[in-house]
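Trainee: Sequence first, then the predicted structure:
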Amino acid sequence: MSETNKPGFTFWIIGVIAILWNGMGVNAYLQSAFNTEAATAGLNPDQIALLDNMPAWYTALFAIAVFSGIIGSITLLMRKKLTVTLFIVSFIAATINQVYWLFGTNAADVFSDQLPYLMPVLIIAIGIFLIWYAKDQRTKEVLS
């Protein structure tokens, strides 16, 4: 029988923050996918046009990124090794999306008044951190 180590207080804090972060991603995806008023509130016509003309694969990757991220966050709190794989899938999908957003569209110009590089860099950095943290917890046998 293998015994896992008990997680510390920091584990639970990071887990809850991961749930909140990825929950915001799921909310953003649902608002975008269902084209709600909240998704376009405060946007100018050029910004709305850019969002409305994103390719289907972009939307699909957005869904994969946020749903694998939220499920990964849940499995992190459940202390499952599957967490690492889910965070890697989320990271890959999110990174492809963010690179396309920045360099495959004119988003930097259209959203120039809203620090267009901040959120993509933050999304990628948090994705890297979550993978590293989950691997670290797996190595410490917190995840089983």
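Mentor: Nice, I can see it. Numbers count the residues shown, from 1 in each chain.
Trainee: tell me what the helix-or-strand element of the chain with minimal mean pLDDT is packed against?
Mentor: Least confident helix or strand, the chain: helix 37-40 with a mean of 86, by mean pLDDT, DSSP states H and E. Here helix 37-40 touches helix 9-33, helix 45-52, going by 3 or more Cβ pairs under 8 Å, 6 or more residues apart in numbering; DSSP states H and E. Any C-beta I mention is one placed from the backbone N, CA and C, and that applies to glycine too.
Trainee: Residues in contact with the last one: which ones?
Mentor: Residues outside helix 45-52 that contact it (Cβ atoms under 8 Å, 6 or more residues apart in numbering) are Ser32, Asn35, Ala39, Thr40, Leu43, Thr105, Asn106, Ala107, Val110, Phe111.
Trainee: just these now: which is nearest Val142?
Mentor: Using Cβ to Cβ, Ser32 is the member of those that lies nearest Val142, at 34.3 Å.
Trainee: Ile74: which of the helices and strands packed on helix 37-40 is closest?
Mentor: Short answer: helix 9-33, nearest of the helices and strands packed on helix 37-40 by Cβ to Cβ, at 7.0 Å.
Trainee: in that closest one, what's buried?
Mentor: Neighbour counts over helix 9-33 (16 or more other Cβ atoms under 10 Å) mark Phe11, Ile14, Gly15, Ala18, Ile19, Trp21, Asn22, Gly25, Val26, Tyr29, Ser32 as buried.
Trainee: Residues in contact with it: which ones?
Mentor: 36, 38-39, 51, 59, 62-63, 65-67, 69-70, 72-74, 76-77, 90, 126, 130, 133, 137, 142.
Trainee: same deal with stretch 132-142?
Mentor: So stretch 132-142 is in contact with 2-7, 11, 14, 72, 76, 79, 81, 83-84, 87, 143, going by Cβ under 8 Å, 6+ apart.
Trainee: ok, back up a step: farthest pair in the buried residues of helix 9-33?
Mentor: Largest pairwise distance in those, by Cβ to Cβ, is 31.5 Å, between Phe11 and Ser32.
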